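Asker: Let me see the structure of the following:
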Amino acid sequence: MNAKENITGVRAEAPVASPEQKDVWGSDAIAAVLRAIDIPYLALNPGASYRGLHDSIVNYLGNTRPQMLLCLHEESAVAIAQGYAKASERMMGAVVHSNVGLMHASMAIFNAWCDRVPMLVLGATGPWDAAKRRPWIDWIHTASDQGALVRDYTKWDNQPASVPAAYEAILRAAQIAKTAPCGPTYVNLDAGLQESKVGPMPTLPDATRFRPAEPAQPGPKAIESAAKLLSSAKHPVILAGRVSRGEAAWKDRVALAEKLQARVFTDIKLGAAFPTDHPLHAAPPATFLSPDAAKLLREADVVLALDWVDLAGVLKQVWGADPVGAKVIQISPDAHLHRGWSMDYQGLPPVDVYMMCGPDIVVPLLLGAVKARTAAVPDQAQPLPPASDKVTIRTLADALNAAAGDLDLCMTRLPLGWYGAYRHFRHPLDYIGSEGGGGVGAGPGITVGAALALKGSGRLPVAIMGDGDFLMGNTALWTATHYGIPCLILVANNRSFFNDELHQERVAKERARPVENRWIGQRISGPDIDLAMMARAQGAEGIGPVTQLAELRPAIEKGLRLVQEGAVCVVDVRVAPGYDTNMAGSGASQKRDKG
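Answerer: Residues are numbered from 1 along each chain as shown. The predicted structure is shown next:
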């Protein structure tokens, strides 16, 4: 295999140079427009339905801009594109094969939709002309409305019938995907269109004229109303939700909180939004508020929600059936995506001032408009649960913190049961958040995608994920090792879908049945699975299983050293089952466990 490295050090297969040709094929034109809109990578699992595009990426573009990243499963391809966008805020592409590949990819597309990340998903079908289909195989891989498979959780889809239509479809798909609230778009390419001769290359449009619009600005009246409420508040609170990875926006949020002396809450489902060791940070970031955090929030007289996920749910958790006792300012463009099929839009919150804008646009305006508060908010202690002499998620966190020292890490994944005070986030890239849609198996792919975006930055990508998550998505490791994308995965391996054990325990107690049976159909043992061997089988380094506390820090130190040297590494850490955080909210959690 001929290989080369691009400017970021990512390995790429180097094709043999093609002879100069006069003929241009439909897929050559499509490949050219992908380069024009600056798609850096296409993560894909190959398939005959887009063999024309595949050839054009290799032999017409030379496998650069975009570069293909071969994946072993379509779900991994989309998860890698999601992780790349989460860490870089840039869009890359994923390509999936006909209806079957799209069905494989659909869970990951739903994650990207719920996570509001930009992504261009290319598919293929046909040939649409039935007279050109091969017997059997082309027929079962052709669907009359393939986009319907993902239409309820993509921002837009299209099946163009000509090269000019494909130009427009791809330009529109990129523009829509990158317009807030961001999300995946899907363009389905007819195999017949890809494989047809089109003569001279059709004139490429100027991609700079089809960029997304500038973010919407709020009206002065809304800013004035919000500033008045915040300036007169005695106990203001900021809920820092979906925000960018930008450092300037991070500093603006800190400055606004300090000017208002407002308590700030963050969400472990989302990327780092505020320094968690800042005196104004009210409680460890969590999936659901703890009782102490809910009590603190109930003291608020004004709540500023910066694109908070499930604002209605958190208000209900705090005030229950009572009317919300605080004025609420909501800053979020998310309603532009709310539709009927998926309920990811959450409940409808009571709001007093509503700006359908991105938080990064509004915060600087509020910073200039509010009056400073002088009343200092007392620092909120964030005590850790008691330490253990066993290998637990807590001791795993302690060992990582000790082993990492002053290294700049990007946490690309955290497991259920993680307590938000285990590790502090002081930079927007310290943590990039969860998968969005609760899909098990996303962790490895998202980690590889984030590592791709971070390669050469000096920041080490580290994931801590459950064994269920790792087992469902672990073949993404092969892509990382093949292309030289270093990352560290620590598997918090409790050998069970443990969250579901807790569900079964709750049901058993409700029905007066034996809780001792909760493990049946949940435990992943007999035999135990050798996760380190699974990593080694794909060319990665595998360490473990780590079963003793004394082994833990040395194993993580070795893993970090290997990643610094350019390796992909998995450490199998056999943790005791148990959670140190509230995973029930006001009712039973419906999310499947990742281990």
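Asker: how about stretch 338-351: buried residues?
Answerer: For stretch 338-351, the neighbour count (16 or more other Cβ atoms under 10 Å) marks 344, 345, 349, 351 as buried. For every residue, glycine as well, the C-beta is placed using N, CA and C.
Asker: Verify the contact between the third one and residue 330 for me.
Answerer: In this case it means residue 349. Yes. The pair residue 349 and residue 330 qualifies as a contact (Cβ atoms under 8 Å) at a distance of 6.6 Å.
Asker: any residues in contact with both of those two?
Answerer: Shared contacts of residue 349 and residue 330 (Cβ atoms under 8 Å, 6 or more residues apart in numbering): 305, 311.
Asker: just to revisit the earlier point, CSV for the buried residues of stretch 338-351, including distance to residue 470 and pLDDT?
Answerer: CSV is the format used below for these (distance: Cβ to Cβ, whole Å; pLDDT from 0 to 100):
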residue, distance to residue 470, pLDDT
344, 25, 96
345, 30, 95
349, 36, 97
351, 40, 98
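Asker: Identify the residue nearest residue 455 in space, chain neighbours excluded?
Answerer: Distance criterion Cβ to Cβ, 6 or more residues apart in numbering; nearest residue to residue 455, sequence neighbours excluded, is residue 8 at 5.2 Å.
Asker: which helices and strands does the single longest helix found in the chain pack with?
Answerer: In the chain, assigned by DSSP state H, the helix with the most residues is helix 98-115. When contacts are defined as 3 or more Cβ pairs under 8 Å, 6 or more residues apart in numbering; DSSP states H and E, helix 98-115 sits against helix 74-88, strand 119-125, strand 184-190, helix 442-454.
Asker: Need the winner for burial among these.
Answerer: For those, the largest average neighbour count (mean count of other Cβ atoms under 10 Å) is found in helix 442-454, namely a mean of 31.
Asker: and the next element down the chain from it?
Answerer: Per DSSP states H and E, the first helix or strand lying C-terminal to helix 442-454 is strand 460-466.
Asker: Over whichever helix or strand comes after that next one, what's the mean pLDDT, rounded is fine.
Answerer: Next along the chain after strand 460-466, taking DSSP H and E as the criterion, comes helix 467-473. Averaged across helix 467-473, the pLDDT comes to 96.
Asker: Between strand 119-125 and the longest helix of the chain, find me the angle.
Answerer: 160 degrees (axes from the mean of the first three to the mean of the last three Cα atoms, to 10 degrees).
Asker: Any buried residues in helix 98-115, and which?
Answerer: 98-99, 101-102, 104-115.
Asker: and the spatially closest residue to residue 377 that is not a sequence neighbour, what is it in contact with?
Answerer: In space, and not counting its chain neighbours, residue 377 is closest to residue 261: 5.2 Å by Cβ to Cβ, 6+ apart. Applying Cβ under 8 Å, 6+ apart to residue 261 gives the contacts 236, 280, 373, 374, 375, 376, 377.
Asker: Ok, residue 362 next?
Answerer: Contacts of residue 362 by Cβ under 8 Å, 6+ apart are 218, 223, 306, 331, 355.
Asker: tell me which of these is nearest to residue 549?
Answerer: Minimum distance to residue 549 across those is 39.7 Å, recorded for residue 306 (Cβ to Cβ).
Asker: Low-confidence regions, the stretch 201-350 of the chain specifically.
Answerer: Within the stretch 201-350 of the chain, not a single segment meets pLDDT under 70.
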